[in-house]
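K.L.:
Predicted structure and sequence below. I'll ask about it afterward.
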There are 2 protein chains.
Amino acid sequence: MPPMIPGRLRKAPENFLAPQGRRGFLRGALAAAASGMAVAGARAQVADGDPNILNLPTHSTGLGQPLAEGYGKPSQFEGNVQRRRSPGLTQTTQASVSFAPLQSMFGIVTPSGLHFERHHQGWWDVDPSKHRFMINGLVKSPKVFTMDELMRLPAVSRFHFIECGANTGMEWGNVAVPTCQYTHGMLSCSEFTGVPLVTLLEMAGADFSKGQFVLAEGADGSSMTRTIPMSMIRSGEVLVAYGQNGEMLRPENGYPLRLVVPGVQGVSWVKYLRRVEVGDQPYATKDETVHYVDLMPDGMHRQYTSIQECKSVVTTPSGGQMLLDRGFYSITGLAWSGRGKVRRVDVSVDGGRNWRAAKLETPVLSKCLTRFSCDWVWDGQPAIIQSRAVDETGYVQPNYRQLRAVRGKGSIYHNNAIQSWGVEANGEVKNVQVG
Amino acid sequence: MPPMIPGRLRKAPENFLAPQGRRGFLRGALAAAASGMAVAGARAQVADGDPNILNLPTHSTGLGQPLAEGYGKPSQFEGNVQRRRSPGLTQTTQASVSFAPLQSMFGIVTPSGLHFERHHQGWWDVDPSKHRFMINGLVKSPKVFTMDELMRLPAVSRFHFIECGANTGMEWGNVAVPTCQYTHGMLSCSEFTGVPLVTLLEMAGADFSKGQFVLAEGADGSSMTRTIPMSMIRSGEVLVAYGQNGEMLRPENGYPLRLVVPGVQGVSWVKYLRRVEVGDQPYATKDETVHYVDLMPDGMHRQYTSIQECKSVVTTPSGGQMLLDRGFYSITGLAWSGRGKVRRVDVSVDGGRNWRAAKLETPVLSKCLTRFSCDWVWDGQPAIIQSRAVDETGYVQPNYRQLRAVRGKGSIYHNNAIQSWGVEANGEVKNVQVG
């Protein structure tokens, strides 16, 4: 490889080739890391011989690729940033999960190519020209819509997270999977576009007095049906959505139509949505009686516990990563609540003894991911990194001791406990459970 | 094809197979369209014979595809939603443009696969492990950063639009290209993540007194260099960015590093960013003296006119689309301002004689796209659809008469005039210029 020499210098700085000292840095906390940078950078300039010969890389002298056009894709150097399944977690890859690589992601938007998957009987690329959406039950005029008809109606676009109710489920039993992709990666966040379901129910003349519940039904072979309370729908939040991050939904996420139920676990965001029925009581379907129930310590189970409570996770540094040297790091992660906005996130680097308020990136939106960050100078000693979110209702994310005191250890779903990442003296970061 | 019958009906509605009347619709404006929907939908149920035989489609009975995993892609049915170049617009496809398909997009986020391209000498997939970013000029300690070093520093994530200064340029001369993809498609909007440039300049000990300007330089063969005023940088808005919509920048958009200069034309968002130099005056580079200047009616030209003034465009209905029948439509489009937030958007369907306030989708963010929409019932008569945006400074988007009174017709850049789409009696929508 040619040495990377930033070319066409207008003025060669006096000390450009000399290793830099620690003076002149404006921000104390950054000094250690920044000093290393200057030295390393300057050395790169003199690699491979005479620094006065500008061995420019090919991309600085040649003619590049023609327009990519069409539909673009990530760099060849980002091939490691992928959704991944956990081998052995499921018996087939049709009824299975792939996890989003949270540790490699920035901000709050999940690229649709990295949106987590949860299929109950595989995915389909349904022809939108043949897809229909029906409304029936307690309505005056049952209706069937084509996609073209739906897409003519007034739509809204809103940023929301979607989290599988089983996210972080393996941690209930101290399995301690290695990375945040596997602990928390059944979580994504998109700008969804669609028609408020309440608009469609009004068009069908729904009985909003008797009709206190709606059954949502998907068109795939899994017979996925879920009960949605009318109170959520009447607020206008629940969408019959076709758009995700500016384009049509992806096939593995329900193309051409899925229900968006902000704050509620992913299973209720019915994919390949073909029908909603208005009824007067919960439907008690297989996926809300046999599955997606929470086994309690006394042997009873909780049912219809579908709202995702306030939760957070540090994504950097996180399990499987390695701190290569001491000095400055920006601890960053994601917080969310199915009840509304995140009000505050605290970060601890000593396993929860001391906490500091993290900075929240704007905009902070309701039932949406919020990115937080917190400065940290690592002294080379073992550390335990945690984050604790508080939502606008005042609910505080619990630690494992608090959560298990109520829920026991028999659950699969709705684990929103504080996640702990242990930093070892050699820089390795591991999944550890504290409290 | 099997008829699409929404299956597993709990209760077959009495009148399910009978054409519906116009009664029972709650929203008057939607009645015409909705009535058509009910009839068309009901008919679909009896296609191909006995409606009691549930000829379910394969995807409702079979086993679907295994996990997509890896990096996903859009549906096979969305192949028409692509970036496209305008044949003949440029002599090569290395120094060229591809336009984003605004007419097919929702909300405000541009999927990175559809982000417009503007290359001056083709694009490259630069190896991030070899890429360096240098700061020199009026600084105490020139610095060279690796990507790893940059990515350890405190980052911010912000939603911003990027628009090429030449967007809508062909319309100056009444070329009237057919679709909004070609009139306005050098426009995209992403969540960008990176380090504020001011942080890096502080680390290098920049002279913020003498250093009133910065030169930004790209690593590709186009020798792209642009002057950025220090006043913009000191506000913290200008980012040295590596993230776009949650993942790394795409190669055709500057991977692994580009400058983000909110509100400013795209050429200043230098791709493959390798260097910034702090100086005491504008640099008058080729791309700010020979190109990207505005020719005025008196033969002089305006230079350094880089802020994108308030602008909007209706994306549906828009040129090349067809209204298939009379009745309800949701007029929708995008508005933006390089000066801050969009305060208001008005819509006209009679070529600017009457205006109605559009609904703005939240969140409305500074120097970011804002989605607007407005209900419309088309009576089948010719119509001219326009949108007019107002930003938080009170600036009102001009019509062509107003814009040309100041700027003449000789410009290429910075056309922010009101766009007009003519709807003909047969439903065809065409690009027309009014006023």
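P.N.:
Sure, I can see it. Note that the structure is predicted; figures quoted are calculated from it, not measured.

K.L.:
Kindly report the residues of the stretch 201-350 of chain A close to chain B.
P.N.:
Contact residues (Cβ under 8 Å from any Cβ of the partner chain) of the stretch 201-350 of chain A with chain B: A:202-205, A:215, A:217, A:219-221, A:223, A:242-243, A:245-248, A:250-252, A:255-256, A:272, A:274-275, A:277, A:279, A:328-330, A:332. Quick note: C-beta positions are derived from backbone N, CA and C, even for glycine.

K.L.:
Pull out the buried members of those.
P.N.:
Burial by neighbour count, 16 or more other Cβ atoms under 10 Å in any protein chain shown: within those this picks out A:202-205, A:215, A:217, A:219-221, A:242-243, A:245-248, A:250-252, A:255-256, A:272, A:274-275, A:277, A:279, A:328-330, A:332.

K.L.:
List the ones among those that fall in strands.
P.N.:
Using DSSP state E, the subset of those located in strands is A:215, A:217, A:242-243, A:247-248, A:274-275, A:277, A:279, A:328-330, A:332.

K.L.:
Now render those residues as JSON lines, adding pLDDT.
P.N.:
What follows is these, written out as JSON lines (pLDDT from 0 to 100):
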{"residue": "A:215", "pLDDT": "98"}
{"residue": "A:217", "pLDDT": "98"}
{"residue": "A:242", "pLDDT": "98"}
{"residue": "A:243", "pLDDT": "98"}
{"residue": "A:247", "pLDDT": "98"}
{"residue": "A:248", "pLDDT": "98"}
{"residue": "A:274", "pLDDT": "98"}
{"residue": "A:275", "pLDDT": "98"}
{"residue": "A:277", "pLDDT": "98"}
{"residue": "A:279", "pLDDT": "98"}
{"residue": "A:328", "pLDDT": "95"}
{"residue": "A:329", "pLDDT": "95"}
{"residue": "A:330", "pLDDT": "96"}
{"residue": "A:332", "pLDDT": "98"}
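
K.L.:
Between those, which sits nearest chain B?
P.N.:
Nearest to chain B, judged by Cβ to the nearest Cβ, of these is residue A:243 at 3.5 Å.

K.L.:
So what does the nearest residue to that closest one once chain neighbours are set aside look like in phi/psi?
P.N.:
Closest residue to residue A:243 apart from its sequence neighbours, by Cβ to Cβ, 6 or more residues apart in numbering or on different chains: residue A:193 at 2.9 Å. Main-chain dihedrals, residue A:193, degrees, to the nearest 10: phi -120, psi 130.

K.L.:
what's the answer for residue A:381, then?
P.N.:
phi -90, psi 160.

K.L.:
Can you tell me how far the closest residue in space to it that isn't next to it in sequence is from chain B?
P.N.:
Excluding the flanking residues, the one nearest residue A:381 by Cβ to Cβ, 6+ apart is residue A:425, at 6.6 Å. Distance of residue A:425 to chain B, computed by Cβ to the nearest Cβ, to the nearest Å: 19 Å.

K.L.:
Kindly report the same for residue A:160.
P.N.:
For residue A:160, the distance to chain B - Cβ to the nearest Cβ - is 12 Å.

K.L.:
any weak-confidence spans in chain A?
P.N.:
Low-confidence segments of chain A, defined by pLDDT under 70: A:1-54, A:174, A:435.

K.L.:
rerun that using 50 as the cut-off
P.N.:
Confidence mapping of chain A against pLDDT under 50 gives the ranges A:1-52.

K.L.:
can you map out the helices along it?
P.N.:
A:31-45, A:58-61, A:147-152, A:180-184, A:197-203, A:230-234, A:286-289, A:400-407 (DSSP state H).

K.L.:
what's the neighbour count on residue A:336?
P.N.:
29 (other Cβ atoms under 10 Å in any protein chain shown).

K.L.:
correct me, but it touches residue A:371?
P.N.:
No - when contacts are counted by Cβ atoms under 8 Å, residue A:336 is not listed as touching residue A:371 (10.4 Å).

K.L.:
Give me the phi and psi for residue A:85.
P.N.:
The phi/psi pair for residue A:85 (degrees, to the nearest 10) is phi -100, psi 160.

K.L.:
could you list every residue that touches it?
P.N.:
A:93, A:96, A:97, A:98, A:99, B:67, B:69 (Cβ atoms under 8 Å, 6 or more residues apart in numbering or on different chains).

K.L.:
and if you look at residue A:127?
P.N.:
Contacts of residue A:127 (Cβ under 8 Å, 6+ apart): residue B:77.

K.L.:
Pick out the residue closest to the middle of chain A.
P.N.:
Nearest to the mean C-alpha position of chain A, by Cα atoms, centre = their mean, lies residue A:188 at 3.0 Å.

K.L.:
what sits against the closest residue in space to that residue that isn't next to it in sequence?
P.N.:
The shortest distance from residue A:188 to any non-neighbouring residue, by Cβ to Cβ, 6+ apart, is to residue A:110 (3.9 Å). The contact partners of residue A:110, taken as Cβ under 8 Å, 6+ apart, are A:100, A:188, A:189, A:190, A:245, B:246.

K.L.:
Which of those residues sits closest to residue B:347?
P.N.:
Closest to residue B:347 out of the contacts of residue A:110 is residue A:245 (25.4 Å), distances taken as Cβ to Cβ.

K.L.:
Hmm, that closest one is touching residue B:109, no?
P.N.:
Yes - contact criterion Cβ under 8 Å: residue A:245 and residue B:109 qualify, at 4.8 Å.

K.L.:
Spell out which residues are contacts of both of the two.
P.N.:
A:109, A:191, B:245.

K.L.:
Switch the residues you listed over to JSON lines; also include distance to residue A:386.
P.N.:
Putting the shared contacts of residue A:245 and residue B:109 into JSON lines (distance: Cβ to Cβ, whole Å) gives the following:
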{"residue": "A:109", "distance to residue A:386": "25"}
{"residue": "A:191", "distance to residue A:386": "30"}
{"residue": "B:245", "distance to residue A:386": "28"}
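
K.L.:
Nearest to residue B:387 among those?
P.N.:
residue A:191 (20.7 Å).

K.L.:
my guess is that closest one contacts residue A:161, does it?
P.N.:
No - at 11.4 Å, residue A:191 and residue A:161 do not qualify as touching, with contact defined as Cβ under 8 Å.

K.L.:
quick one, what contacts residue A:334?
P.N.:
A:102, A:108, A:184, A:187, A:312, A:313, A:315, A:369, A:370, A:371, A:372.

K.L.:
before we move on, what about residue A:280?
P.N.:
By Cβ under 8 Å, 6+ apart, the contact list for residue A:280 reads A:138, A:210, A:211, A:212, A:213.

K.L.:
do that again at 6 Å, thanks
P.N.:
residue A:210 (Cβ atoms under 6 Å, 6 or more residues apart in numbering or on different chains).
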